[in-house]
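Visitor: Turn this into a model:
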Amino acid sequence: MLTEFHRLSKLVKPRRLKKPRRLVGGESVQEIELDHNTFGATVSADFAYIFNPVTREDRARVAKHGYVRSLRRDRYIEPIDRVVRASMPAQAANELIDDTNNPREIITPLRNAKQLEHQVMLIVGGVGAGKSTFIDRLREVSLPKEVKARTFWVHIDMNVAPVAASEIYDWLRREIVAGCKVNMPDLDFDDLDTMKRVYSVEVNKFKKTTGKLLASQMDKYNVELAATIDRLENDPHSKATCYSRFCTGDRGKLLILVFDNCDKRTRDEQLLMFQAAQWLQREFRALVVLPLREETYDNHRNQPPLDTALKNLVFRIEPPLFHQVLVKRVQLALDAIEHGSTKKHRFNLPNGFHVQYSASNQAFFLSSIVRSIFVHDYQIRRLIVGLAGRDLRRALEIFLEFCNSGHIGEDEIVRIVQSKGEYILSLDLVVRVLVRMSRRFYDGDHSFIKNLFSLDPSDARPNYFIRLMIVRWLREHWDQVGPAGFKGYFPIRDICAELNLHGVETSVAVREIEYLVRAKCVLTEDLRVDQLNEADLVRLGPAGFVHLELLGNINYLAAVAEDTWFASAITAADIAARIKLLDTQYSDEVTMQNARDLLDMLGAEREIASVPSLSIVNNSSFAQLSDLTTAHEAIKRKGRSNPWLIIEDRYPLGAIVPAVIVNVVAFGVFAELEPGFTGLIHISKLPKNFREDVNLSVAEQIQVKVLKIDTGKQRISLGFVKAVPFAPERAVL
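Guide: Residues are numbered from 1 along each chain as shown. From the prediction side, this is the model:
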């Protein structure tokens, strides 16, 4: 059967497919990136330390002045976050911090520091949920002074940690030494006197033993002492032990080792980090603080090695609401502007003039962008939150990309400055920026928002609906428990088995699942993003939910039309012709036409693609998985909001229809087709002496021919056919 399917597939496979974006010019034209708007570029450069803090100083500044608490009572009141929460698996029971600004659940055990020596504390939360910022806040602000005075914090950046068990332990030893040095900058650890203090226990032991024998031979005494210190310096474990003892134990402080950025690792790498934390716990008198992804903890808490974690030292944090974080960071930037630089910036107007502005005008720009996001709250904030999941880092990254976008032209910036930040960007512009970022032509591979109808023309049977079917299948199963016992997680082989029924080969299905994983529409249980196999477990991510909702957005459909393969060269050329002119590329008329062309093509292809499964499978799910109702509803809504966009459906070119004369002027006659739609019969399209011979006057009924419709200017050109002696039925829109 499969052989026969492949034979038939080759016969019906389109010989050549055309993509409109590739018809507008060469590669350099297709991939045009609009220049970053000047305000956005300076905002990103000047305030990166606020929106994306990297150094310890910048992180401490944000923790002190830009922290947003997450309160238990606030976590479920925002309907905008439902799409995110719906996509998350059930959480394991553990200590949920009630108020991250005053985490008494952690402060209480820290008051008794001695009991935390040789322990591992887990901070569980989603990626980008603010675990590192929470720990920074705990250290810098939340801890009472007397508790803080009894702790010594060493932060270890696990982004650069080796992932081989044979390498990580020595690496951690070196990091402990480096962290001790960073936290005691006033000491010269290369000075011999300091070294003697660091290795005081070992030096004193030398003095009591071998040193006594050499007391009268100072040269040999110094040689042996140097050899003792040398051995300690070159033994990573002894060195780390001595440094930690010198910095903490000798001062009565608790050493706290924080594994920063561990949650960015895959599941297996995070589990290795936990094992490394257990080793540190045994070898050093320290408390190891390990941030873990909630997926890793929730799915594996009852399996080795996580089953050994002390449950009373496992704390969960929820991310604060995105809009609160954004407003707080923007306020930090505004404060910096108010008390900061007086330097001048410059931007260029479309007419070539240069405008110089002070740094304070950046405040207007930031205010306007934030206003625009929150005015269009339901659509835009929902979109950003969904694309980012609960990853606040990614959400802020999207915000900065938004600020930089060249689609926010200098003319918009002039309006922003003139209104002192009160100006609101239109919803269509905001959606355009999020879909395209800085690219003029939509390219799903270079956008946060992906093309759900993309295909590979080299496939044996190209199928426009593979990605959509994958996302839909996972959406239908997201609240079910998979075979591994994890809610929402199913092996890739189950998805492949479903798609096989609809003519999709397993290798193609796996390839597209990997694409969706990299796009964060689909999440893997082990957090890997490539080289997946059929046994890997996956579930729908928040971005996948958002993409399903985007099917109901006409701007998304129109953008996708630019980057989709068409079997009809004529349709592809029509779309390319419409998008060549920047002045009209994003107009309502072009948006509607391109979206409709896409759906017309997809409807026809859907009929063809349904044949294999309908012919061999009873109760085929293809129709449900590839359903386009949401997209068609978007077209209808746009048509209802602006009937001119669908007027050609009512009055096709060349159609002869009834009309009523509403005005007679020197250059022709205005005739009403129906209320709201009036066209002009130019005098050149009327009989000679039409006033006397035909007696055309106001309220006369006539028949006209539709010659041309300009939906943008809302004009209709008509031709006269004949007068009608009786009142025809009027068309009703």
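Visitor: Next, please give the residue ranges for the strands of the stretch 551-700 of the chain.
Guide: 656-665, 668-674, 677-682 (DSSP state E, counting those that start in this stretch).
Visitor: Columns mean neighbour count on top of those strands, output as TSV?
Guide: The C-beta positions use only the backbone N, C-alpha and C, and glycine is treated the same way. Below are the strands of the stretch 551-700 of the chain laid out as TSV (neighbours: other C-beta atoms under 10 Å):
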stretch	mean neighbour count
strand 656-665	17
strand 668-674	21
strand 677-682	20
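Visitor: Using TSV, lay out these together with distance to residue 224 and mean pLDDT.
Guide: Listed next are these as TSV, based on distance: least, C-beta to C-beta, whole Å; pLDDT from 0 to 100:
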stretch	distance to residue 224	mean pLDDT
strand 656-665	110	92
strand 668-674	106	93
strand 677-682	103	94
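Visitor: Out of these, which gets nearest to residue 400?
Guide: For the strands of the stretch 551-700 of the chain, distance to residue 400 was read as C-beta to C-beta. The smallest value, 45.2 Å, belongs to strand 677-682.
Visitor: what inclination does the closest one have with respect to strand 668-674?
Guide: Following axes from the mean of the first three to the mean of the last three C-alpha atoms, to 10 degrees, one obtains 150 degrees for the angle between strand 677-682 and strand 668-674.
Visitor: Parallel or antiparallel, list what pairs with strand 677-682.
Guide: Paired with strand 677-682 in the same sheet, following DSSP bridges, are strand 668-674 (antiparallel), strand 715-723 (parallel).
Visitor: Not counting its own residues, what contacts the first one?
Guide: Outside strand 668-674, the residues that touch it by C-beta atoms under 8 Å, 6 or more residues apart in numbering are 651, 657-664, 678-683, 685-686, 690, 696, 702, 704, 716, 718, 720, 730-733.
Visitor: again, only using 7 Å
Guide: For strand 668-674, contacts defined as C-beta atoms under 7 Å, 6 or more residues apart in numbering pick out 651, 657, 659-663, 678-683, 686, 696, 702, 704, 718, 730-733.
Visitor: Name the residues linked to the residue nearest to residue 700 when sequence neighbours are not counted by a beta bridge.
Guide: Taking C-beta to C-beta, 6 or more residues apart in numbering as the measure, residue 700 lies nearest to residue 661, with 4.7 Å between them; neighbours along the chain are not counted. Under DSSP bridges, the beta-bridge partners of residue 661 are residue 671.
Visitor: is it true that residue 661 touches residue 696?
Guide: Yes - the criterion here is C-beta atoms under 7 Å, and residue 661 meets it with residue 696 at 6.0 Å.
Visitor: Any regions of the chain where pLDDT drops low?
Guide: Low-confidence segments of the chain, defined by pLDDT under 70: 1-15, 71-95, 340-360, 377-378, 612-616, 690-695, 726-733.
Visitor: longest helix in it, by residue count?
Guide: Secondary structure of the chain per DSSP state H: the longest helix is helix 588-616.
Visitor: got any residues that touch both of residue 661 and residue 696?
Guide: Common contacts of residue 661 and residue 696 (C-beta under 7 Å, 6+ apart): 669, 702.
Visitor: For residue 674, see how far away residue 722 is.
Guide: Distance, residue 722 to residue 674, using C-beta to C-beta, to the nearest Å: 19 Å.
Visitor: same deal with residue 226?
Guide: According to C-beta to C-beta, residue 226 and residue 674 sit 101 Å apart.
Visitor: Ok, residue 574 next?
Guide: According to C-beta to C-beta, residue 574 and residue 674 sit 28 Å apart.
Visitor: chain center to whichever strand or helix holds residue 431: distance?
Guide: For residue 431, the enclosing helix or strand under DSSP states H and E is helix 427-436. Distance of helix 427-436 from the chain centroid (C-alpha atoms, centre = their mean, to the nearest Å) equals 14 Å.
Visitor: can you check stretch 591-601 too?
Guide: Distance of stretch 591-601 from its chain centroid, counting by C-alpha atoms, centre = their mean, is 26 Å.
Visitor: can you check stretch 675-692 too?
Guide: Chain-centre distance of stretch 675-692: 55 Å, with C-alpha atoms, centre = their mean.
Visitor: Likewise for stretch 108-119?
Guide: 38 Å.
Visitor: Could you do stretch 580-593 as well?
Guide: Distance of stretch 580-593 from the chain centroid (C-alpha atoms, centre = their mean) equals 26 Å.
Visitor: Quick one: end-to-end distance for it.
Guide: Distance across stretch 580-593, first residue to last, is 14 Å (C-alpha to C-alpha, to the nearest Å).
Visitor: How about stretch 480-492?
Guide: Using C-alpha to C-alpha, the end-to-end distance of stretch 480-492 comes out at 15 Å.
Visitor: For the helix holding residue 431, name the packing helices and strands.
Guide: Using 3 or more C-beta pairs under 7 Å, 6 or more residues apart in numbering; DSSP states H and E, the elements in contact with helix 427-436 are helix 377-388, helix 554-562.
Visitor: try 8 Å
Guide: Under the contact criterion of 3 or more C-beta pairs under 8 Å, 6 or more residues apart in numbering; DSSP states H and E, helix 427-436 touches helix 377-388, helix 392-404, helix 554-562.
Visitor: can you list those helices in a markdown table and add mean neighbour count and distance to residue 315?
Guide: Converted to a markdown table, the helices and strands packed on helix 427-436 look like this (neighbours: other C-beta atoms under 10 Å; distance: least, C-beta to C-beta, whole Å):
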| stretch | mean neighbour count | distance to residue 315 |
| --- | --- | --- |
| helix 377-388 | 20 | 23 |
| helix 392-404 | 20 | 18 |
| helix 554-562 | 27 | 39 |
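Visitor: Those helices: which one's closest to residue 363?
Guide: With C-beta to C-beta as the criterion, residue 363 lies closest to helix 392-404 of these, at 13.0 Å.
Visitor: What angle do helix 427-436 and the helix or strand following that closest one make with each other?
Guide: The element immediately downstream of helix 392-404 (helix or strand, assigned by DSSP H and E) is helix 410-418. Angle between the axes of helix 410-418 and helix 427-436 is 120 degrees (criterion: the same axes, to 10 degrees).
Visitor: Just the buried residues of helix 410-418, please?
Guide: By neighbour count with 16 or more other C-beta atoms under 10 Å, helix 410-418 contains the buried residues 410, 412-413, 416-417.
Visitor: all strands for the stretch 201-350 of the chain, in order.
Guide: In the stretch 201-350 of the chain, strands defined by DSSP E, counting those that start in this stretch lie at 254-260, 286-293, 314-316, 344-348, listed in chain order.
Visitor: farthest residue from the center of the chain?
Guide: What lies farthest from the middle of the chain is residue 216; by C-alpha atoms, centre = their mean that is 72.0 Å.
Visitor: hmm, back to that, now the helix holding residue 431 and helix 588-616, what's the angle there?
Guide: Using the same axes, to 10 degrees: helix 427-436 against helix 588-616 is 50 degrees.
Visitor: which helices and strands does the next helix or strand after helix 427-436 pack with?
Guide: Counting by DSSP H and E, the element after helix 427-436 in chain order, helix or strand, is helix 466-477. When contacts are defined as 3+ C-beta pairs under 8 Å, 6+ apart, helix 466-477 sits against helix 492-500, helix 506-518, strand 522-524, strand 537-540, helix 542-550, helix 622-625.
Visitor: 6 Å instead, please
Guide: With contacts taken as 3 or more C-beta pairs under 6 Å, 6 or more residues apart in numbering; DSSP states H and E, helix 466-477 sits against helix 492-500, helix 506-518.
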